[in-house]
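> Provided below for reference: sequence and predicted model.
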Amino acid sequence: MSCAHMSSVRLYREWFRKSETKSSNGRKLHIRGSVASTSQSVRFAESKSEKSGKAVRIGVLGASGYTGSEIVRLLANHPYFGITVMTADRKAGQSIGSVFPHLITQDLPDMVAVKDANFSNVDAVFCCLPHGTTQDIIAALPKSLKIVDLSADFRLQAIAEYEEWYGQPHRAPDLQKEAVYGLTEILREEIKVARLVANPGCYPTSIQLPLVPLLKANLIETRNLIIDAKSGVSGAGRGAKEANLYTEIAEGIHSYGITRHRHVPEIEQGLSDAANSKVTVSFTPHLMPMSRGMQSTIYVEMTSGVTIEDLYQQLKIAYEDEEFVILLEKGVVPHTRNVRGSNYCLLNVFPDRIPGRAIIVSVIDNLVKGASGQALQNLNVMMGYPENTGLLYQPLFP
């Protein structure tokens, strides 16, 4: 165990032996990000770090969204990561418990506007801001910070492709060259040495995890890849949108982004890298009347002489030592209800009625393995901590 680990463990144990400290007037202290309160903020953050035994000070940018709140939830039981700064421009000055009552027990600093955030007491950042807003903000952050970006702003390697699919020029091309794509099980070694990790999207995670090992082994064709994917409504974010109203979503299935969903180039980028040739997919996403969960049903054509057993064994070899990707027993169908609230991905492969074809089913929680859970998994890797730290929440059922 490294010195950092030993120090963290000692501090963590010390926390349980000491009662909670208070300020001299008995009131709880709250971090403020304004220039006027910089020294107070630093002192507060340092005292919080000492009290909690958290070795790594975390900033959460965009804490008032779904992925931001999931980061906060997951970090509640993380022994090494402690939140010292949270931003939310429209909720500045509010506590996390007032915005998300399920987090009311968390003793955390109030949220501040990004422009007022003090990063001198931060070691690493989770950036949970909307697409298109992240590049300028990350470019302005101190270069000493480790960053996991949950937006799509650094996922596409080709700058021109980003502009084509997201409708605006990339504003941080130099940072794009530095960014490492964060599909943890596939690119773990690159993530270990990265400063900036582009966390994958939810659909691409559920699709690439089963397909990348099969393409690398040349067991499936790069043509005729058909993906039917379904997501809970939380995947559309927390913003008020008419299309996401209860009466628009409930009691039905809502197909959207047909042929033009922004995750298409990300999916094709990862699959093309695995296959060492251009891969084009037929991808149709759907919103389902559930809050969270994602299922990708994938139809593939096997290469000549390959059997369903070959696909199953390749996935078994690829993931038998992985904590969070689980290949189920033969014939068992993955269900979204069995991963709810967890960082797990459940997979299986089935024979199609059409000879030479196979059906793959992959399920994740779109907010955890598809977003915040994978982001925490990545930062654990970047900081040299066990990959599963803070992520062993079991799925919530029923």
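Noted; the coordinates are in hand. What you are looking at is a predicted structure, and each value in this text was computed from that prediction instead of being measured.

> From now on I want contacts and neighbour counts done on CA atoms only, so please keep to that.
Will do.

> May I have the beta-bridge partners of Gly82?
Arg57 (DSSP bridges).

> any idea how far it is from Val148?
Taking C-alpha to C-alpha, to the nearest Å as the measure, Gly82 and Val148 are separated by 15 Å.

> who has more neighbours, these two?
Taking Gly82 and Val148 together and counting by other C-alpha atoms under 10 Å, Val148 has the greater number of neighbours (30 against 24).

> Can you tell me the SS state at that one?
For Val148, the reduced secondary structure class is strand; criterion used: DSSP: H, G, I helix; E, B strand; the rest coil.

> contacting residues around it?
Val125, Phe126, Cys127, Leu196, Val197, Ala198, Asn199, Ala375, Asn378, Leu379 (C-alpha atoms under 8 Å, 6 or more residues apart in numbering).

> cutoff 6 Å now
With C-alpha atoms under 6 Å, 6 or more residues apart in numbering as the criterion, the residues that contact Val148 are Phe126, Leu196, Val197.

> Most neighbours among those, which one?
Top of these by neighbour number is Val197, holding 29 neighbours under the definition other C-alpha under 10 Å.

> tell me which element that residue is part of?
Under the criterion of DSSP states H and E, Val197 resides in strand 196-198.

> same deal with Val332?
When the helices and strands are read off by DSSP H and E, none of them contains Val332.

> Give me the distance between it and Asn77.
Using C-alpha to C-alpha, we find Val332 at a distance of 32 Å from Asn77.

> partner residues bridging the residue nearest to Lys316 when sequence neighbours are not counted?
If the residues on either side of it in the chain are set aside, Lys316 comes closest to Leu327, at 6.4 Å by C-alpha to C-alpha, 6 or more residues apart in numbering. When bridges are assigned using DSSP bridges, the partners listed for Leu327 are Leu347.

> And Leu327, how far from Asn276?
Taken as C-alpha to C-alpha, the spacing of Leu327 relative to Asn276 amounts to 25 Å.

> Repeat that for Cys128.
Using C-alpha to C-alpha, we find Cys128 at a distance of 31 Å from Asn276.

> Pretty sure Val114 sits against Thr87.
Yes - Val114 lies in contact with Thr87 (C-alpha atoms under 6 Å); the separation is 5.5 Å.

> Quick check on those two: which one has the bigger neighbour count.
For Val114 against Thr87, the residue with the higher neighbour count under other C-alpha under 10 Å is Thr87, and the figures read 29 against 18.

> Can you report phi and psi for the more buried one?
Recorded main-chain torsions at Thr87 are phi -120, psi 150, according to degrees, to the nearest 10.

> Look at it and report its pLDDT.
Thr87 carries a pLDDT value of 98.

> Now do the strand holding Val197, average pLDDT.
Taken as a whole, strand 196-198 carries a mean pLDDT of 98.

> Does anything pack onto it? Which helices or strands?
Applying 3 or more C-alpha pairs under 6 Å, 6 or more residues apart in numbering; DSSP states H and E, one finds that strand 196-198 contacts strand 146-149, strand 180-181.

> next helix or strand past the shortest one?
Using DSSP H and E, the helix or strand that directly follows strand 180-181 along the chain is helix 184-192.

> Just the buried positions in the one helix or strand Gln208 maps to, please.
Gln208 belongs to helix 202-216 when elements are defined using DSSP H and E. Neighbour-count burial for helix 202-216 flags 202-215 (criterion: 16 or more other C-alpha atoms under 10 Å).

> Using TSV, lay out those residues together with pLDDT and distance to Ala92.
TSV is the format used below for these (pLDDT from 0 to 100; distance: C-alpha to C-alpha, whole Å):
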residue	pLDDT	distance to Ala92
Cys202	98	28
Tyr203	98	31
Pro204	98	32
Thr205	98	32
Ser206	98	34
Ile207	98	37
Gln208	98	37
Leu209	98	37
Pro210	98	41
Leu211	98	42
Val212	98	42
Pro213	98	44
Leu214	98	47
Leu215	98	46
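
> Closest to Ile253 out of the residues you listed?
Using C-alpha to C-alpha, Tyr203 is the member of the buried residues of helix 202-216 that sits closest to Ile253, with 16.8 Å.

> if we can go back for a sec, from Asn343, how far off is the residue nearest to Lys316?
Between Leu327 and Asn343 the computed distance is 14 Å (C-alpha to C-alpha).

> Neighbour count for these two, which is higher?
The neighbour comparison of Leu327 against Asn343 (other C-alpha under 10 Å) goes to Asn343, with 28 against 23.

> separation between the more buried one and Leu75?
If you measure Asn343 against Leu75 using C-alpha to C-alpha, the figure is 13 Å.

> what does Ala88 give?
Here the distance between Ala88 and Leu75 works out to 18 Å (C-alpha to C-alpha).

> which of those two has more neighbours?
Neighbours around Ala88 and Leu75, counted as other C-alpha under 10 Å, are more numerous at Ala88. The numbers are 23 against 20.

> I figured the more buried one hits Gly65, correct?
No - under the criterion of C-alpha under 6 Å, Ala88 is not in contact with Gly65, lying 8.5 Å apart.

> Asn77: what's it in contact with?
Residues near Asn77 by C-alpha under 6 Å, 6+ apart: Gly390.

> Just the pLDDT for it.
In the prediction, the pLDDT value recorded for Asn77 is 93.

> Assumed it was part of a helix.
No - under three-state DSSP, Asn77 falls outside any helix and is assigned coil.

> shaky segments in the protein?
Residue ranges of the chain with pLDDT under 70: 1-53, 235-241, 243-244.

> Which stretches in it count as helices?
In the chain, the helices defined using DSSP state H lie at 3-17, 38-52, 66-75, 96-99, 134-140, 159-166, 173-178, 184-192, 202-216, 246-249, 264-275, 308-319, 373-383.

> how far off helix 373-383 does the third one point, in degrees?
By that I understand helix 66-75. Orientation check (axes from the mean of the first three to the mean of the last three C-alpha atoms, to 10 degrees): helix 66-75 against helix 373-383 gives 60 degrees.

> Report the contact partners of the spatially closest residue to Gly182 that is not a sequence neighbour.
Spatially, and ignoring its direct neighbours in sequence, Gly182 is nearest to Asn199 (4.8 Å; C-alpha to C-alpha, 6+ apart). By C-alpha under 6 Å, 6+ apart, the residues touching Asn199 are Asp149, Leu150, Gly182, Ala375.
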